[in-house]
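In: I'd like to go over a predicted model; first the sequence, then the structure.
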Amino acid sequence: MGVKLEVAVQDASGAALALDTGADRVELCSALDVGGLTPSIAMVEAVVATGIPVHVLVRPRPGGFRYSATEVSLMVRDIEAIVDAGAAGVVVGALTARDTLDRHALEALQYAAEGLEVTAHRCVDVLEDPAAAVDDLAGLGFTRVLTSGGAPTVADGVPALRRMVEAAGGRLQVMAGGGVRAEDVPGLLGTGVDAVHLSARRRVPDGGPTGPGGGPSGYDVTDRSTLEAVSAALAGR
């Protein structure tokens, strides 16, 4: 089946570009500049319409991953709407106050997904030993985990990624993500990961005037050349 390519996108044009450059699926989110937040349901529907499998990030706010009961309830309701919108999966994560996996919250989120694929996001990279999370996530019925191996970038996390793949033993897919560059791909393939994930963001400087309080005028788009380079590396070209 080969190593899959997943691209984090923020809109339908990014998803269409991912499909055109050989990606297998997209992770849809908003606000990638703060690590990604839950997108609108209208955006989910628009990206689903591109035809590429869509996995939607469910993260209600920036910052850490310790969520209140109210926030978990909101995430459950978001997932229910995402299921109805035709997504292929959801991407979630939650930690306790001691920065361990919040099994209660994760069970609620996994149950709300109603059989869709469920990916644990990079909250696992906060853990003291990301490899130790593999058993818990597999037991919860998660499909895969997105991780840099607990390192700032996947290039630094190769040894930990290898340990996570070994710990998973085929029960849970391990997807490498975090600063992925085309030159990192051979090393990642050597770890045995099931997929590679990147955002391939490029800043467009001229978004027009925003006025006082409107923030910077630039915005991010998905970069074709970056996607083509990583796709080619995965194909061995």
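Out: Perfect, I can see it now.

In: Do me a favour and get the end-to-end distance for stretch 171-191?
Out: Stretch 171-191 has an end-to-end distance of 16 Å (criterion: Cα to Cα, to the nearest Å).

In: Please apply the same query to stretch 96-115.
Out: Start-to-end, stretch 96-115 (Cα to Cα) is 25 Å.

In: So, low pLDDT: which residues of the chain?
Out: By pLDDT under 70, the low-scoring segments of the chain are 1, 207, 211, 237.

In: now the strands for it?
Out: Taking DSSP state E, the strands of the chain run over residues 4-9, 25-28, 54-57, 89-92, 117-120, 144-147, 173-177, 195-198, 201-204, 219-222.

In: Format those strands as TSV; extra columns: distance to Thr38.
Out: Where you see a C-beta, it was placed from the backbone N, CA and C, and this is true even at glycine. Formatted as TSV, the strands of the chain follow (distance: least, Cβ to Cβ, whole Å):
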stretch	distance to Thr38
strand 4-9	13
strand 25-28	9
strand 54-57	6
strand 89-92	10
strand 117-120	14
strand 144-147	16
strand 173-177	18
strand 195-198	18
strand 201-204	18
strand 219-222	17
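
In: Out of the ones you listed, the one nearest Ala232 is which?
Out: strand 4-9 (10.7 Å; Cβ to Cβ).

In: List the strands paired with that closest one, with their directions.
Out: Using DSSP bridges, strand 4-9 pairs in its sheet with strand 25-28 (parallel), strand 195-198 (parallel).

In: how about these in TSV, adding mean neighbour count and distance to Gly36?
Out: Converted to TSV, those look like this (neighbours: other Cβ atoms under 10 Å; distance: least, Cβ to Cβ, whole Å):
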stretch	mean neighbour count	distance to Gly36
strand 25-28	26	8
strand 195-198	24	11
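
In: Reformat the ones you listed into a markdown table and put distance to Ala182 next to each item.
Out: Listed next are these as a markdown table, based on distance: least, Cβ to Cβ, whole Å:
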| stretch | distance to Ala182 |
| --- | --- |
| strand 25-28 | 19 |
| strand 195-198 | 10 |
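
In: between these, which gets nearest to Pro159?
Out: Ranking the strands paired with strand 4-9 by proximity to Pro159 (Cβ to Cβ) places strand 195-198 first, at 17.0 Å.

In: got the contact list for the closest one?
Out: 3-8, 24, 27, 144, 146, 173-177, 180, 185, 188, 226-227, 230, 234 (Cβ atoms under 8 Å, 6 or more residues apart in numbering).

In: how about 6 Å then?
Out: Contacts of strand 195-198 with the rest of the structure, by Cβ atoms under 6 Å, 6 or more residues apart in numbering, involve 4-6, 146, 175-177, 180, 188.

In: top of those residues by neighbour count?
Out: Ala176 (30 neighbours; other Cβ atoms under 10 Å).

In: Test my guess that that residue contacts Leu188.
Out: Yes: using Cβ atoms under 6 Å, Ala176 is in contact with Leu188, at 4.9 Å.

In: So Ala88 versus Glu166, what's the distance?
Out: Separation of Ala88 from Glu166 (Cβ to Cβ, to the nearest Å): 27 Å.

In: cool, and Gly115?
Out: Gly115 is 28 Å from Glu166, by Cβ to Cβ.

In: biggest helix in the protein by residues?
Out: Scanning the chain for the longest helix, with DSSP state H as the assignment, gives helix 69-84.

In: ok, Val154 - how many residues close by?
Out: With other Cβ under 10 Å as criterion, Val154 counts 27.
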